[in-house]
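# Kindly return the folded structure for what I paste below:
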Amino acid sequence: MTTVLTYGTFDLFHVGHVRLLKRISEFGDHLIVACSTDEFNALKGKKSIFSYAERAEILMSCKYVSQVIPEENWEQKIEDVKKYRVDVFAMGDDWAGKFDFLQDYTRVVYLPRTEGVSTTQVKEVVAAIRAEKKQQLVNAGEHLLSLLKEL
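Got it, this is the predicted structure:
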C-alpha cells in the first residue's frame, strides 16, 4: 500500500479542493488529509466558517480521502510522515519549496492549484453579495422614509 499525506484547512470545500485531492490521491492507495484544527487556525490568525469536526466530516465524505487526522501545529509533519509511513507528501504549488525539508523522510510533490477558485475568492464573493444586499436594504429604508415624509 502506498500512503499519501496532505495538509490544509479545507474551509468552504469547493471544486478546487476536490480536484486537488483527486490528483493527490492518484499518487497512492491511501490518502491521509491532515485538517487544521480550530485552535491551530486561531494561532495562524484564521477563522473558519465550519468547525474542525464539520470540515473533517466533509473531507471524509470525499471519495478520494481515506483518513482525516488533525493538524495541530506546524512541527508535526515529520512525526506524521514517520507515524503513518507516508510514501508521498503532496501539497498545492502555492506551498512550493516550503516542505522540501521532508525530502529526507519521503517523496515531496507540489501540484498546480485549480485556476480561478479558492476559499479566499469564495469568501470575497460572499462578502460582496452581503455588502450589496446591505446597500439595497439601506436604499429601501431611505425610500420608505421619504414616502413617509410625504404622508
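# Which elements pack onto the helix or strand containing residue 77?
Using DSSP states H and E, residue 77 maps to helix 77-83. Using 3 or more C-beta pairs under 8 Å, 6 or more residues apart in numbering; DSSP states H and E, the elements in contact with helix 77-83 are strand 3-8. The way it works is simple: take the backbone N, C-alpha and C, and place the C-beta from them, glycine included.
# So in that sheet, which strands flank the strand it packs on, and in what orientation?
Strand 3-8 has the following strand partners under DSSP bridges: strand 30-36 (parallel), strand 88-92 (parallel).
# wait, which of those strands is closest to residue 140?
Proximity to residue 140 (C-beta to C-beta) singles out strand 30-36 among the strands paired with strand 3-8, at 40.2 Å.
# ok, residue 106 - contacts?
Applying C-beta atoms under 8 Å, 6 or more residues apart in numbering to residue 106 gives the contacts 5, 81, 86, 87, 88, 89.
# cool, and residue 68?
Residues in contact with residue 68 (C-beta under 8 Å, 6+ apart) are 32, 33, 34, 35, 56, 59, 60.
# ok, what's across the strand from the second one?
So that's residue 33. As for beta bridges, residue 33 partners with residue 6, residue 68 under DSSP bridges.
# List the residues that contact residue 139.
Contacts of residue 139 by C-beta under 8 Å, 6+ apart: none found.
# show me what contacts residue 52?
Contacts of residue 52 by C-beta under 8 Å, 6+ apart are 35, 36, 37, 38, 70.
# Spit out the contact partners of the first one.
Yep, that's residue 35 we're talking about. Going by C-beta under 8 Å, 6+ apart, the list of residues near residue 35 reads 7, 8, 9, 10, 52, 55, 56, 59, 68, 69, 70, 71.
# was I right about residue 47 contacting residue 36?
No - here residue 47 does not reach residue 36: they are 11.4 Å apart, not a contact under C-beta atoms under 8 Å.
# Comparing the two, which shows the higher neighbour count?
Legend: neighbour count by other C-beta atoms under 10 Å for residue 47 and residue 36, higher for residue 36 (23 against 9).
# Thank you, goodbye.
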